[in-house]
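Colleague: starting from these lines, generate the structure:
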Amino acid sequence: MIQFLLNQTLKTLDDVDPNTTVLNWLRGSEHRCGSKEGCASGDCGACTVVLGQIDGEKMRYDTANGCITLISQLDGKQLLTVEDLAQGDKLHPVQQAMADCHASQCGFCTPGFVMSGFALHKARSHSQRHEIEKHLAGNLCRCTGYRPIIEAMQKSAGSEQDQFSRDEPQTVTRLKSLQQAQMGELRKSNRCLLPKSEAQLAELYQQNPQARLLAGGTDLALTITQQYQTLPLIISLNQVEELKVITVSENQIRLGAMVTLQRCEQVLQPLAPAFARVLERFASPQIRNHATLAGNLANASPIGDGAPMLLALGASLELRCGEVTRVLPLDEFFLSYRKTALQPGEFISEVVIEREAISPTFNAWKISKRMDDDISTVFGAFNLHVKDGIVESAKLAFGGMAAVPARAKSAEQAFIGQPLNERTVGLAREALANDFQPLTDFRGSGIYRLKVAQNLLTRLVLQHNEPSDALEVNAYVN
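Modeller: Sure, this is the predicted structure:
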């Protein structure tokens, strides 16, 4: 049984197929056709909806791609669509601003923009252009152009409270009552298991190792929407609160397996600014609000942005199978293309980073065809410990260069014990050709990838030796 609020209406679903996406349920069962399907992969934002959940004693509203959000992920939350925003004949401030600024032509993408604007409105973020662009990075428009849309967001930012603000205490109370009614209870809903604790999850997954674990689902859902497969059994981690915990101690940063990329960005900003800065470019806000760092590792994509950074930081994983836990260095996790060291029934419970491993020189760069909402062609992460001008230790990791994310160990040795100068980087560039023989695909040729990776080594040394020089495009273009 899955329970959630559709605006203020309680929905209880007993027999819905767990492979059903929120978008298909809205359009098919509820006849809410405002949300559109443009790509079925979370790239265009036409399907954007907003999920509300309790944050302390208030509501937090996050955008989501309805086309790749599965129905079980609504459990215990509030779902809002574009149909919910107006009150009678009075448009919501975001809708009114879109109309006043002539920010819609064909209208196909407009509901998605409105919902992203609504989330921005509820977050009470600045009306500065950069903040607005960040919030709209997951929404595409082919005909209107972005100037009037951005103007509409600026106009509606900080406008008067809406009905959702007035109803907030009631919404919090209703969601809390849902959670209390489900307290500690293992629930099942038509080939979908919804554990409430890590212990329940461990037992269920050990008993059903063939099941697919659903965390953020931003990659798993593509199995359904792009490959047209049916997942026979899903274990949803949505209600396992222990996996959403972040612990920052004097020595370690421990990120639970259900910690979203958005929360990772916020926590890591003061601890590893370069890590947080790259996460800002990870996919789109709709994806980052729900995708998890552990899920990014578990799917073992050779172009996942999280793995190279964690490899460079020497991160480890806490894995659990039943009652047994073990710690595995991330270096030993990726075995071959899309294959990991996870055993049947075993899952990632935490990602662990030793704080002393984070060098002041740590940096990472994503090379892609677009600044926002794009997949890496090459990703490089670099963690050098330098003392008195000499490199004492080096961890260099890359994505997009091999069948798995991997460290460049020959290039690392070229740096160790050497000063950061032109000669050293020249040796490291040569050594990198021994570490990788990248493949050619539609994102780039092998020759291009190797040259880009070598150039990132040069950029690393330039950044260290000339820190005042602006080497990033966004350092001078706003």
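
Colleague: hmm, who's touching the longest helix along the chain?
Modeller: The single longest helix within the chain, with elements called by DSSP state H, is helix 446-465. Around helix 446-465, the neighbours that count as contacts under Cβ atoms under 8 Å, 6 or more residues apart in numbering are 361, 363, 365, 367, 377-378, 380, 382, 384, 386, 396, 398, 400-401, 408, 411, 420-422, 424-425, 428-429, 432-433, 436-440, 444, 469, 471. Just so you know, the C-beta spots here come from the backbone N, C-alpha and C atoms, and that holds for glycine as well.

Colleague: list only buried entries from those.
Modeller: Buried members of the contacts of helix 446-465, counted by 16 or more other Cβ atoms under 10 Å: 361, 363, 365, 367, 377-378, 380, 382, 384, 386, 396, 398, 400-401, 408, 411, 420, 424-425, 428-429, 432, 436, 438, 444.

Colleague: which positions within the longest helix of the chain qualify as buried?
Modeller: R449, L450, V452, A453, Q454, L456, L457, R459, L460, V461, Q463, H464.

Colleague: for stretch 226-236, same thing?
Modeller: Across stretch 226-236, burial judged by 16+ other Cβ under 10 Å covers L231, I234, I235, S236.

Colleague: what is the end-to-end distance of it?
Modeller: In stretch 226-236, first residue to last residue: 20 Å (Cα to Cα, to the nearest Å).

Colleague: quick one: contacts of it?
Modeller: With contacts defined as Cβ under 8 Å, 6+ apart, stretch 226-236 is touched by 18-19, 40-41, 70, 72-73, 75, 191-195, 201, 204-205, 208, 210-214, 220, 223-224.

Colleague: partners of the least confident helix or strand in the chain by mean pLDDT in the sheet?
Modeller: Ranking every helix and strand in the chain by mean pLDDT, DSSP states H and E puts strand 187-188 at the bottom, with a mean of 72. Applying DSSP bridges, strand 187-188 is found paired with strand 192-194 (antiparallel).

Colleague: give the next helix or strand downstream of the strand it pairs with.
Modeller: Counting by DSSP states H and E, the element after strand 192-194 in chain order, helix or strand, is helix 198-207.

Colleague: just the buried ones among the contacts of helix 446-465: which are in strands?
Modeller: Counting by DSSP state E, the part of those found in strands is N363, W365, I367, V378, G380, F382, L384, V386, L396, F398.

Colleague: what pLDDT does the second one get?
Modeller: Read that as W365. According to the prediction, W365 has pLDDT 96.

Colleague: buried residues, stretch 381-393. List them.
Modeller: Buried, per 16+ other Cβ under 10 Å, within stretch 381-393: A381, F382, N383, L384, H385, V386, V391, S393.

Colleague: can you check stretch 8-25 too?
Modeller: Using 16+ other Cβ under 10 Å as the test for burial, stretch 8-25 gives K11, L13, V16, D17, P18, N19, T20, T21, V22, L23, N24, W25.

Colleague: how about those residues, which pair is most distant?
Modeller: K11 and N19 (17.9 Å; Cβ to Cβ).

Colleague: show me where the stretch 251-400 of the chain has its helices.
Modeller: Counting by DSSP state H, counting those that start in this stretch, one finds helices in the stretch 251-400 of the chain at the ranges 261-268, 273-279, 285-288, 293-298, 306-312.

Colleague: among these, which comes closest to R166?
Modeller: Nearest of the helices of the stretch 251-400 of the chain to R166, taken as Cβ to Cβ: helix 285-288 at 25.5 Å.

Colleague: pLDDT averaged over that closest one - what is it?
Modeller: Here helix 285-288 scores 97 as its mean pLDDT.

Colleague: all strands for the stretch 51-200 of the chain, in order.
Modeller: Counting by DSSP state E, counting those that start in this stretch, the stretch 51-200 of the chain has strands at residues 58-65, 78-80, 187-188, 192-194.

Colleague: as JSON lines, the ones you listed with mean neighbour count and distance to A97 would be great.
Modeller: What follows is the strands of the stretch 51-200 of the chain, written out as JSON lines (neighbours: other Cβ atoms under 10 Å; distance: least, Cβ to Cβ, whole Å):
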{"stretch": "strand 58-65", "mean neighbour count": "22", "distance to A97": "17"}
{"stretch": "strand 78-80", "mean neighbour count": "24", "distance to A97": "18"}
{"stretch": "strand 187-188", "mean neighbour count": "14", "distance to A97": "41"}
{"stretch": "strand 192-194", "mean neighbour count": "24", "distance to A97": "39"}
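
Colleague: among those strands, which gets the worst mean confidence?
Modeller: strand 187-188 (a mean of 72).

Colleague: didn't T48 look like it was pressed against G117?
Modeller: No. Counting by Cβ atoms under 8 Å, T48 sits too far from G117 to count as a contact (9.7 Å).

Colleague: these two: who's more crowded?
Modeller: Between T48 and G117, counting by other Cβ atoms under 10 Å, T48 is the more crowded of the two (32 against 29).

Colleague: count of residues packed around the residue nearest to Y337 when sequence neighbours are not counted?
Modeller: Distance criterion Cβ to Cβ, 6 or more residues apart in numbering; nearest residue to Y337, sequence neighbours excluded, is A403 at 4.0 Å. Using other Cβ under 10 Å, A403 is surrounded by 15 other residues.

Colleague: I am finished for the moment; much appreciated.
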